[in-house]
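Novice: Mind folding the following:
(chains A and B)
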2 protein chains.
Amino acid sequence: MQRYANLRPNMARLWETLERSAGIGATPRGGLARLALSEDDGQMRRLFQGWCEDAGLKVAVDPIGNMFAFRPGRDKDGKAVLLGSHLDTQIKGGRFDGILGVLAGLEVVRTLNEHDIETRLPLCVVNWTNEEGARFEPPMIGSAVFTGDKSLDFALSRTDKDGITLGAALEAIGFSGTQAQSPEHFDSLFELHIEQGPKLDESRTQLGIVTGAFAVRGFVVEVLGETGHVGPTPMPKRHNALVGAAHVTLAIEETGWALHPTGGKSTTMRLKAEPNLLGILPDRVEMTCDMRHPDDAVVSRAMADFTRRIPELEAKSRCTIRIHEGWSYGGMEFDKDRVGLVRTAAENFGYSHADMLTEAGHDAMHIANHLPAAMIFTPCEGGLSHNELENVTIADIEPGVNVLLQAVLARAG
Amino acid sequence: MQRYANLRPNMARLWETLERSAGIGATPRGGLARLALSEDDGQMRRLFQGWCEDAGLKVAVDPIGNMFAFRPGRDKDGKAVLLGSHLDTQIKGGRFDGILGVLAGLEVVRTLNEHDIETRLPLCVVNWTNEEGARFEPPMIGSAVFTGDKSLDFALSRTDKDGITLGAALEAIGFSGTQAQSPEHFDSLFELHIEQGPKLDESRTQLGIVTGAFAVRGFVVEVLGETGHVGPTPMPKRHNALVGAAHVTLAIEETGWALHPTGGKSTTMRLKAEPNLLGILPDRVEMTCDMRHPDDAVVSRAMADFTRRIPELEAKSRCTIRIHEGWSYGGMEFDKDRVGLVRTAAENFGYSHADMLTEAGHDAMHIANHLPAAMIFTPCEGGLSHNELENVTIADIEPGVNVLLQAVLARAG
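Specialist: Okay, the predicted model is just below:
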């Protein structure tokens, strides 16, 4: 690809698509609330589909609503190189998380079109359904159905907080497709994404070359107490589930600080108390927590240490505490060859870059178990993400988009 | 009232009304879920109204839905003696909390009818609206409107979690009345109630003579953090509002234990986290808490001590913590004369009895600031209340009902 080493995407044109996206589901503080399969998501999908078709791409939608926009290659039987991410956001999310990866994929295609460049392998810009998991759980469900990690029936029957199934939501916005896709028809995946952490921004590094993924262990902690009247029930007679939850939260926080020196963390992110009413001691709390570390063995050890503390936390709070294993993912290395293409491109440009692991979950992590995958991280301001104030400048993302284009060209030939 | 010293209520008849009540809004575990102004509450009110009318009482409903069932006295201009409590329950409440006081009032009237006894002062069995506050906040709103502590407009505009106003809910069950009542037309209030605490049950004492009320200070604690992705955000960059909430909860718990030796307590009873989603550090938690102690000055001091700890809790959790004053009530003595009538009756029967303060909120506490009021507590099993397993036996409540009858006779003449 020496030949096209001077090829550059049109950053102004990419930025304009990001701005258009930022207008669909905009929040007052400059972020996005574009929950998966909401009307806004539908509007964004239609806009994206139009852009793809204008660029000559053929858009296939699979039964879980993943959108695959194909650009043919010279090799008619060649497997397509995927470029993309997701267009859905958190309820108070930012304008770039996921969106950058999809629209940068579109920009790569537009640039190739402009220069009449036909690759050997087909290209395919992809938008995965419900990456965030903010409306339907679990997150990254579109890519999990694509890889077969989750069944279509399971995925379609997920419900949002109003009881609407994912299947019904897909129908409602007209994105319940029939063109199922599967990994064996694809060559590899390149996902460009903002870092969502502060490392690149703080160290003024232009690019993150993602060599693998943190091991993530998610779990639900259930605290069981006993209801009673908050007035007459004396302190020693109480089994206040919120007190148990407080002890658990601080133990999880301590675990996080213990993991921190070697790059890990642990979080209590969600808590629901019952009956959660005035005047009543709550008898049940459900908390969602996770632990993350580069080394899966360290996560397992931290989890075991935390589990061993449960009797102590039970004694302190006079509640029963149960840990329900939830999910685990990550802990893998990305494909050395595809990561190598990213690194070569970064070095050819002379960009400052750092090898890193992704600490967040990404569709690429599902894909990486089935296809060679690579991720490229751009800096983001202050490392802030899943936040309306998430921000990048054109200068922040330009190196990533350039590298994406060159790495894809290097692979697709 | 020597004359009627041998008069006894029909405990089997009273128990039958309690059983009938226990069938309206019954929960699988034997409790009641009869939220204020729900369809079940409407059904219970109509049943109660029918029983009152069958007993020759004239039922007036005021604009906040309080039900006043009048029995005339010999003295046509006499002010009525109120007997009653409330028929609404918590969402997972018991069969006796409140209900016993109303139905024992009805039993007193039925017993007098049976013996053709006409009192000098009129009697009035009362059912106060929305005592629990489980559907509409604040609790004890019906008695607060009756006394003028809260305006009718304020009360009618309270909304439940579905946005339904108290006014609309009253209309829906047909209990939006027009016959406003006010304290100056009444003589006094006698409220029989289960203790909702373990003291009587543990000490095998037959009766609690309530001489006054705990001072109660309720408040909302707001914890403000910052959202961020739970994956890449490193521990030192976090402002997890749930961690702040855990520190607050344990500080409140410590306050409770510090108040415990002198009879007090402190509680975190409700917690709502935002955005409370998978993958996001929560940026806001709202907690409802209270402190209770016999001595208002001690509550004030505990509140001040807790407030002084806030900077330390903020530093530990790297969150901003604000205390919003909510409400305070209680801290008063009940009327010595009416309490004296209860004590005399108890002594005449030879019941074991103990003077105590009410630690829970009761309508009698609103009333006591405007009319002479007294409360009688019966034991309840294990002190359990605001719980489906709340329980009493006929033997537990018989002394209380007997004393209620005699004290009311003593007052009404």
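Novice: make it CA atoms for all contacts and neighbour counts henceforth
Specialist: Noted.
Novice: Up against chain B, what does the stretch 251-400 of chain A have?
Specialist: Contacts of the stretch 251-400 of chain A with chain B, taken as CA under 8 Å from any CA of the partner chain, map to A:253, A:256-257, A:260, A:263-265, A:267-273, A:275-282, A:288, A:292, A:358-361, A:383-387.
Novice: should've said the stretch 101-250 of chain A
Specialist: Residues of the stretch 101-250 of chain A that fall close to chain B, judged by CA under 8 Å from any CA: A:133-134, A:195-198, A:227-235, A:240, A:242-243, A:245-247, A:249-250.
Novice: can you pull out the helices in chain A?
Specialist: Secondary structure of chain A (DSSP state H): helices at A:11-22, A:39-54, A:99-114, A:141-147, A:152-156, A:166-172, A:199-203, A:241-259, A:296-317, A:336-349, A:363-368, A:394-412.
Novice: Just put those in CSV and tack on mean pLDDT and mean neighbour count.
Specialist: Formatted as CSV, the helices of chain A follow (pLDDT from 0 to 100; neighbours: other CA atoms under 10 Å in any protein chain shown):
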stretch, mean pLDDT, mean neighbour count
helix A:11-22, 98, 17
helix A:39-54, 98, 18
helix A:99-114, 98, 24
helix A:141-147, 97, 25
helix A:152-156, 97, 16
helix A:166-172, 98, 19
helix A:199-203, 95, 18
helix A:241-259, 98, 24
helix A:296-317, 97, 16
helix A:336-349, 97, 19
helix A:363-368, 94, 24
helix A:394-412, 97, 23
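Novice: Can you say which of those helices is nearest to residue B:413?
Specialist: Among the helices of chain A, helix A:241-259 comes nearest to residue B:413, with 49.6 Å by CA to CA.
Novice: other SSEs contacting that closest one?
Specialist: Packing partners of helix A:241-259 (3 or more CA pairs under 8 Å, 6 or more residues apart in numbering or on different chains; DSSP states H and E): strand A:215-224, strand A:265-274, strand A:284-293, helix A:296-317, helix B:241-259, strand B:265-274.
Novice: what about the last one, average pLDDT?
Specialist: This predicted structure assigns strand B:265-274 an average pLDDT of 98.
Novice: Quick one: work out the angle between it and strand B:284-293.
Specialist: Relative orientation of strand B:265-274 versus strand B:284-293 (axes from the mean of the first three to the mean of the last three CA atoms, to 10 degrees): 170 degrees.
Novice: So what touches strand B:265-274?
Specialist: When contacts are defined by CA atoms under 8 Å, 6 or more residues apart in numbering or on different chains, strand B:265-274 is touched by residues A:230-231, A:234-235, A:240, A:242-243, A:270-273, A:276-282, B:241-242, B:249, B:252-253, B:255-259, B:282-293.
Novice: now it and helix A:241-259, what's the angle there?
Specialist: 60 degrees.
Novice: So residue A:44 is in contact with residue A:24, correct?
Specialist: Yes: using CA atoms under 8 Å, residue A:44 is in contact with residue A:24, at 6.6 Å.
Novice: Tally up the residues packed near residue A:174, please.
Specialist: 14 (other CA atoms under 10 Å in any protein chain shown).
Novice: For it, give its distance to chain B.
Specialist: To chain B, residue A:174 is 26 Å away according to CA to the nearest CA, to the nearest Å.
Novice: re the thing from before, got the helices and strands packed on helix A:241-259 as TSV, with distance to residue A:341 columns?
Specialist: As requested, the helices and strands packed on helix A:241-259 are arranged in TSV below (distance: least, CA to CA, whole Å):
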stretch	distance to residue A:341
strand A:215-224	24
strand A:265-274	31
strand A:284-293	26
helix A:296-317	27
helix B:241-259	42
strand B:265-274	41
